[in-house]
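Q: please work out how this folds:
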Amino acid sequence: MFDIDFYMKVFDLKYKMMQGQKFEREYLLQKLEEYRSPNPVVYNIETTNACNMRCEMCPRTTMMTRPIETMQKETFEKVINQLRPWSQEEWAKWEAFAAENYKIDKNDMSENHFFLYVIPKVIVLHGYGDPLLDKNIPDYVKMMTERGLLSYFSCNPANINLERTIETFENGLDYIKYSVESVDDLRHKEVRGQQSNFSESYQKILKLLDVKAQRNLNTTIVITMINLNKPWQQEEFEKVKEAFKGMDVYVYLKSQDQMWYEDNNQGTQSIHWLEFCQFPWSSMTVKSNGESVECVEDFNNEIVLGDAKTESLYDIWNGEKYKRFRRDHFELTPGLKCTEQCDMQLVGSFLAS
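A: Next up, the predicted model:
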């Protein structure tokens, strides 16, 4: 989830800035703080950072040095007990806003549609691990369903455990995304590592679609390919679409994030990456050890803003560390990962000189 009310309030000011209009720092600091809700919204909860893949585009493969940990169940429950879903009225207002201002219909199927109509209402349950490797994931989905919170996670289809996955579907999982990079097993392994494949994964997904239909389950199965700007990729994406043609799935080509890690000069048309970073005002991230960091991109927990095991989300979100972090985005503080490594623009880039 992210704070849809903040996104709506900041929209006009944001696009004036992005189109070249200059504002003074203190004015912008005041406006963003005025628009920011004191009540925290959580974008994602990384239940585990364990993963058996060796994905070429993932910093986890070669750069992540933090210990492998799986979240304690009491920590997960403590976090979600502090959250609430959007009301029907709030969500209807957001859908109307998204359609009017971004010109993307709510019945579309694309990268930007997923960002505007799915991500704002779900809590993402992945980070730098595969949730299917967390034995507690069905229980977590059930906890969220009971509280009216929508759930979603992305995983590698080679890790599909049919029994565990079906249990998450029956417990109310709203969205599951499978990363499919090719219909060719060897090419898939080149991108995702030797543990990955397409052929066996495809058969498992077909089985899940059958179970979903037979039991009238509502989980949306999403198939996505990451655009790595490879010469064969567009042709391969057409083959992926053909493999799932006519099936009850949501398919789209996703822009690569973290291009500071592997800059392939791809560029992006993703709304999320074209706008300046709003994470400091719109949402929180909680990692597998309970630490609250600035966003999901912080794979090594370099900027820790609090500890959800011992602090309330409210206190973290409104605390001095977050206040300093928001000012860092204005000041483009040297040495900060956000300033020097992230491929998203920071608000400080748009200040009057």
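
Q: give the closest residue to the most centrally placed residue in the chain in space, chain neighbours not counted.
A: Central residue of the chain (C-alpha atoms, centre = their mean): Val124, 5.8 Å from the mean position. Leaving out its chain neighbours, the residue that sits closest to Val124 by C-beta to C-beta, 6 or more residues apart in numbering is Asn44, at 3.5 Å. Any C-beta I mention is one placed from the backbone N, CA and C, and that applies to glycine too.

Q: so Ser147 makes contact with Gln82?
A: Quick fix: residue 147 reads Arg, not Ser. No: applying C-beta atoms under 8 Å as the test, Arg147 and Gln82 come out as separate, 10.5 Å apart.

Q: please enumerate the helices of the stretch 101-250 of the chain.
A: 111-117, 137-146, 162-170, 185-192, 199-215, 233-243 (DSSP state H, counting those that start in this stretch).

Q: including distance to Val304 and mean neighbour count, could those go into TSV?
A: What follows is the helices of the stretch 101-250 of the chain, written out as TSV (distance: least, C-beta to C-beta, whole Å; neighbours: other C-beta atoms under 10 Å):
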stretch	distance to Val304	mean neighbour count
helix 111-117	26	21
helix 137-146	23	20
helix 162-170	30	17
helix 185-192	30	18
helix 199-215	35	15
helix 233-243	36	15
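
Q: to Asn301, which of those lies closest?
A: Closest to Asn301 of those is helix 137-146 (C-beta to C-beta; 20.7 Å).

Q: average pLDDT for that closest one, rounded please.
A: The predicted model gives helix 137-146 an average pLDDT of 98.

Q: can you show me the CA trace of that helix as PDB?
A: Below are the C-alpha coordinates for helix 137-146, written out as PDB (Å, rounded to 0.1, in the frame of the first residue of the first chain):
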ATOM      1  CA  ILE A 137       3.000 -17.400   4.500                       C
ATOM      2  CA  PRO A 138      -0.500 -19.100   4.400                       C
ATOM      3  CA  ASP A 139      -1.100 -18.100   8.000                       C
ATOM      4  CA  TYR A 140       0.000 -14.500   7.300                       C
ATOM      5  CA  VAL A 141      -2.400 -14.300   4.400                       C
ATOM      6  CA  LYS A 142      -5.200 -15.600   6.600                       C
ATOM      7  CA  MET A 143      -4.400 -13.000   9.300                       C
ATOM      8  CA  MET A 144      -4.600 -10.300   6.700                       C
ATOM      9  CA  THR A 145      -7.800 -11.500   5.200                       C
ATOM     10  CA  GLU A 146      -9.400 -11.600   8.600                       C
END
